[in-house]
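**Student:** I would like the atomic coordinates for the input below:
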Amino acid sequence: MNQLVIVGAGPAGLSAAIAAAKNGVNVTVIDEFMKPGGRLLGQLHEESNGIWWNGVDEATNLFNEAIEFHIQFQFETSVHHVKKHSNHWDIQTDKGMFKSQALLVATGAAEHSIPLPGWTLPGVMSIGAAQVMANVHHVKPGHHGIIIGINVLSIAIARELKLAGVQLESIVLPSCNLLNKEASQPGVVFQKLAKLAHLAPSPLFKMGGFLTNKLSFLEKLVVRSFPKNGLKAWGIPIQIRRAVIEILGEEKVEGVKVADITPSGVIMKGTEKIIDVDFVCIAGGLYPLTELIGVTACPFKFIPSLGGHVPVHNEQMQTPVEKLYVAGNITGIESAKVAKAQGKVAGLSVAHDLHYLQDHNAIDDAVQHVKKMRDHALIQFHPDINKGRNELNGASITN
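**Tutor:** Numbering: from 1, shown residues only. Modelled structure (predicted):
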């Protein structure tokens, strides 16, 4: 029997495995992909200090360290059920049953989609899929595309695609429907972008974001006067006053129909036009991938600033279910560095609960490191992340 099974070999899972194994815990990591790293494998961006964050290198370094501590890996293995017994967990996979004293779920996040006419055509994909194609498999998703959905994820990946030599027409909004009201509202989108002004690639963006954050009355004025053709970031037009009405094509993507929209997101009749593209990326944002932990007795709490429903847990990454732990984006959408730091906390908590941990200050130090990583994160997916974390940490944990 394993002492710890971790589901997910992303930054949280790998970091947790290393922390636990360093303290003598026998660890097995299960992941459905063919190699370790999770979302790290697609990440490539420049830090504020000018140093490039290369997710492939980060994943390789973590995996090599894990191998040094004799951690076992089961790749290309899907977990479809887990069951708690009095003194162990059964983890059912398509490669057989694993048994473990403790279970850590680090399954990460999935992408929301944005349904609109034509979205099932070949050539339409999530922004994350395009990122994986370009940065992991080194295959261009197409020659000339457009991104639907303006958020921190779409803008970050748009730059990665540009670095990969992919031509992007623009980043635009989806037309409004019942399922994407917030994502289609120029005012709401601009408000979120303004919170990220410190990441803007030009002084004009930075100054505009700074002023609107300080002087809220400017927000409506800026949205009303925002150029229809958008403002460019890394040469890519960001158009908060233009929306895609329909994706066009017979057997594959051949173009999109776009139209100008009012500050409240209403289509302006007579402004429709067709743009030729051969692929479309949809960026609806991320949500915690919680289906597996949903089959346990772990309770959930709905916290919008964390991405939706998240499993109840404390700062030590323990859930109310004995010997069940979580780490990474399943606990709320944040950066890979935060996920990595959370993984270390979870691994140390497992080692402590299994009576292996000798340094009793280690967990407290690791928890403080998580907070430091959060406060200094280059990208925050929601401006109220700390509020959400405080709300979640107020939940009662009884082991």
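**Student:** Do you have the helices of the stretch 101-250 of the chain handy? List them.
**Tutor:** 127-135, 152-163, 186-194, 203-214, 218-225 (DSSP state H, counting those that start in this stretch).
**Student:** and those, which one is worst for confidence?
**Tutor:** With a mean of 54, helix 203-214 has the lowest mean pLDDT of the helices of the stretch 101-250 of the chain.
**Student:** can you give me the helices for the stretch 251-399 of the chain?
**Tutor:** According to DSSP H, counting those that start in this stretch, the helices that the stretch 251-399 of the chain contains are 336-353, 362-375, 385-393.
**Student:** Kindly compare burial across those helices and name the winner.
**Tutor:** helix 336-353 (a mean of 27; mean count of other C-beta atoms under 10 Å). All C-beta spots, glycine's among them, are computed from the backbone N, C-alpha and C.
**Student:** what angle separates that helix from helix 385-393?
**Tutor:** 20 degrees (axes from the mean of the first three to the mean of the last three C-alpha atoms, to 10 degrees).
**Student:** angle of helix 336-353 against helix 362-375?
**Tutor:** 170 degrees.
**Student:** could you give the mean pLDDT of helix 336-353?
**Tutor:** So the average pLDDT for helix 336-353 ends up being 97.
**Student:** Show me what the strand with the most length in the chain packs onto, helices and strands only.
**Tutor:** Looking across the chain with DSSP state E, the single longest strand is strand 236-248. Applying 3 or more C-beta pairs under 8 Å, 6 or more residues apart in numbering; DSSP states H and E, we find strand 236-248 packed against helix 152-163, strand 167-174, helix 186-194, strand 231-233, strand 255-260.
**Student:** Distance to Lys301 added to these, as CSV?
**Tutor:** Formatted as CSV, these follow (distance: least, C-beta to C-beta, whole Å):
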stretch, distance to Lys301
helix 152-163, 23
strand 167-174, 28
helix 186-194, 23
strand 231-233, 35
strand 255-260, 38
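**Student:** can you list those in TSV and add distance to Ile114 and mean neighbour count?
**Tutor:** Shown next, in TSV, are these (distance: least, C-beta to C-beta, whole Å; neighbours: other C-beta atoms under 10 Å):
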stretch	distance to Ile114	mean neighbour count
helix 152-163	11	21
strand 167-174	5	22
helix 186-194	13	19
strand 231-233	21	16
strand 255-260	13	20
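**Student:** The ones you listed: which one's closest to Lys84?
**Tutor:** Smallest distance to Lys84 across the helices and strands packed on strand 236-248 (C-beta to C-beta): 34.3 Å, for helix 152-163.
**Student:** got the angle between the closest one and strand 236-248?
**Tutor:** Angle of helix 152-163 versus strand 236-248, following the same axes, to 10 degrees, is 100 degrees.
**Student:** ok, back up a step: quick one: closest of the helices and strands packed on strand 236-248 to Pro115.
**Tutor:** Judging the helices and strands packed on strand 236-248 by C-beta to C-beta, what sits closest to Pro115 is strand 167-174, at 8.8 Å.
**Student:** Not counting the closest one itself, show me its contacts.
**Tutor:** 114, 116, 143-150, 154-155, 158, 161-162, 180, 183-184, 186, 189, 230, 236-240, 242-244, 258, 261, 265, 275, 277, 282 (C-beta atoms under 8 Å, 6 or more residues apart in numbering).
**Student:** Sheet partners, orientation included, of it?
**Tutor:** Next to strand 167-174 in the sheet, as set by DSSP bridges, lie strand 144-148 (parallel), strand 236-248 (parallel).
**Student:** Show me the one of these that comes nearest Leu357.
**Tutor:** strand 144-148 (45.5 Å).
**Student:** where does the closest one sit relative to the chain's centre, distance-wise?
**Tutor:** Centre-to-centre, strand 144-148 and its host chain are 20 Å apart (C-alpha atoms, centre = their mean, to the nearest Å).
**Student:** what's in contact with it?
**Tutor:** With contact meaning C-beta under 8 Å, 6+ apart, strand 144-148 is reached by 114, 116, 127, 130, 154, 158, 161, 166-174, 244, 256, 275-283.
**Student:** Stretch 343-363 now?
**Tutor:** With C-beta under 8 Å, 6+ apart, stretch 343-363 has contacts from 3-4, 11-25, 101-102, 104, 106, 315-318, 323, 325-328, 366-367, 369-370, 399.
**Student:** Make a ChimeraX selection of whichever of the residues you listed turn out to be buried.
**Tutor:** Buried residues among the contacts of stretch 343-363 (16 or more other C-beta atoms under 10 Å), as a ChimeraX selection:
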select :3,4,11,12,13,14,15,16,17,18,19,20,21,22,23,25,101,102,104,106,315,316,317,318,323,325,326,327,328,366,367,369,370
